[in-house]
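Visitor: Pasting the sequence and the predicted model now:
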Amino acid sequence: MLLRKAPDLTYADVTPKSLYLDRRKFLRGMGIAGAAALAGARLWDLASPRTSAFAATKFSGLIKSPFSTTEKQNTYDDVTHYNNFYEFGTDKSDPSKNAQKFQTAPWTVSVEGAVKKPRQFTLDEILKLAPLEERIYRHRCVEAWSIVVPWIGYSFSALAKAVEPTPKARYVAFESYYDPRQMPWGKYAGIDFPYVEGLRLDEAMNPLALLCVGMYGESLPNQDGAPVRMVLPWKYGFKSAKSLVKIRFTEKQPPTTWNRMASNEYGFYANVNPKVDHPRWSQAKERRLGEFFKRETLMFNGYGEQVASMYNGMDLRKNY
Ligand code: MTE
């Protein structure tokens, strides 16, 4: 039973009960060493300054994207202090505290699989692959809250073109970085890491699919997925994997973290759909961070004109 309203849910609430009970058993069985490690992590966190290890890069000459919404943007503070990034803890306030020392340089992304030109990209190479745009997108989390963010990046298709997918490529698999030494909180998150996500190739090639390197005119803060992440504005937020290290073009549909955890609750497509409720709460409305009254959730989060045709003929009740 829901004890809290959806906007206040953490992904721990969203985790199926059996798994959650197992996790509690695990925490109980973890013993003193594990508890001490947790306490150590907290102490270390309290002792460490709240500044980022790397100064943010400011971007200039950004192209204004025609895909941008004119809706009021959320504050930088909202977007950097209410995050889901389970590698750094399951509370919305954890990533802003725990990700500050995350080392994001040097960084490479391996792009591989069904492509003619597999290769590793340094972050610098990624930044130079296409002109950077500012795209102000609505971003709707499955937990029924939403934000409006001026992201920076370019269409994922630019990266795909650089590696030349072969006719075998039908899907794209995304993998986030995972290092238990830098992310000790991940052990207690109740999900498996590395965090993995996937798209059908046509979804990945849709111009709205953003390979994102920044927000609010600067490089991404660690808690928002530095140094490079996906942003898919017509899908629930969990599809947008953060801190990417691997992108693989595949023939078969790749596994995805939340679908693997609870396939009855999180589908592969995860398109924002106010008519298909989550088994444990309604998706009809959402709360924009910073606002009191809820607003109606829009089909495809309001991006239907650009994306609806990709799902023609599909039963979106079944393919949630
Ligand atoms: N990527 C990784 N690697 N780990 C995560 O826990 N959480 C997802 C997604 N990407 C997550 C992730 C979820 S549930 C959401 S809603 C968005 O990131 C949140 O992005 P934001 O914190 O920038 O708003």
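Guide: Cool, got the structure.
Visitor: nearest spatial neighbour of Trp258, skipping sequence neighbours?
Guide: Closest residue in space to Trp258, ignoring its immediate chain neighbours: Tyr266 at 3.8 Å, by C-beta to C-beta, 6 or more residues apart in numbering. Backbone N, C-alpha and C define where each C-beta goes, glycine included.
Visitor: Locate that neighbour within the secondary structure: which element?
Guide: Using DSSP states H and E, Tyr266 sits within no helix or strand.
Visitor: Let me see the contact set for it.
Guide: Val142, Phe238, Thr256, Trp258, Asn259 (C-beta atoms under 8 Å, 6 or more residues apart in numbering).
Visitor: Wait, the last one touches Lys239, no?
Guide: In other words, Asn259. No. Here Asn259 lies out of contact with Lys239, judged by C-beta atoms under 8 Å, at a distance of 10.3 Å.
Visitor: so when I look at Ala308, I'm seeing a helix, right?
Guide: Yes. Under DSSP: H, G, I helix; E, B strand; the rest coil, Ala308 sits within a helix.
Visitor: For burial, what's the neighbour tally of the residue nearest to it when sequence neighbours are not counted?
Guide: The shortest distance from Ala308 to any non-neighbouring residue, by C-beta to C-beta, 6+ apart, is to Phe300 (6.1 Å). Residues lying near Phe300 (other C-beta atoms under 10 Å) number 22.
Visitor: Can you list phi and psi of Phe300 for me?
Guide: The phi and psi torsions at Phe300 (degrees, to the nearest 10) take the values phi 50, psi 30.
Visitor: and the nearest residue in space to Lys116 that is not next to it in sequence, how far is that from Val111?
Guide: Nearest-residue entry for Lys116: Glu164, 3.9 Å, with adjacent residues in sequence omitted and distances by C-beta to C-beta, 6+ apart. For Glu164, the distance to Val111 equals 10 Å [C-beta to C-beta, to the nearest Å].
Visitor: just Thr250 next, same as before
Guide: Thr250 is 12 Å from Val111, by C-beta to C-beta.
Visitor: Which one's more surrounded, these two?
Guide: In terms of neighbours (other C-beta under 10 Å), Val111 is the more surrounded of Thr250 and Val111; the figures are 23 against 17.
Visitor: Val109 pairs with what?
Guide: For Val109, the beta-bridge partners are Phe121 (DSSP bridges).
Visitor: I meant to write Glu134 there.
Guide: Taking DSSP bridges, one obtains Lys64, Ile152 as the residues bridged to Glu134.
Visitor: If you count surrounding residues, which of Asn259 and Lys239 has more?
Guide: When Asn259 and Lys239 are compared for neighbours, Lys239 comes out ahead with 25 against 21, by other C-beta under 10 Å.
Visitor: what's the model's confidence in stretch 217-229, averaged?
Guide: For stretch 217-229, the mean pLDDT works out to 98.
Visitor: All the strands of the chain, residue numbers only.
Guide: With DSSP state E applied, the chain shows strands at 63-64, 108-113, 119-122, 133-140, 145-155, 171-176, 196-200, 210-215, 218-219, 229-231, 244-250, 285-288, 295-296, listed in chain order.
Visitor: for the last one, packing partners?
Guide: Under the contact criterion of 3 or more C-beta pairs under 8 Å, 6 or more residues apart in numbering; DSSP states H and E, strand 295-296 touches strand 285-288.
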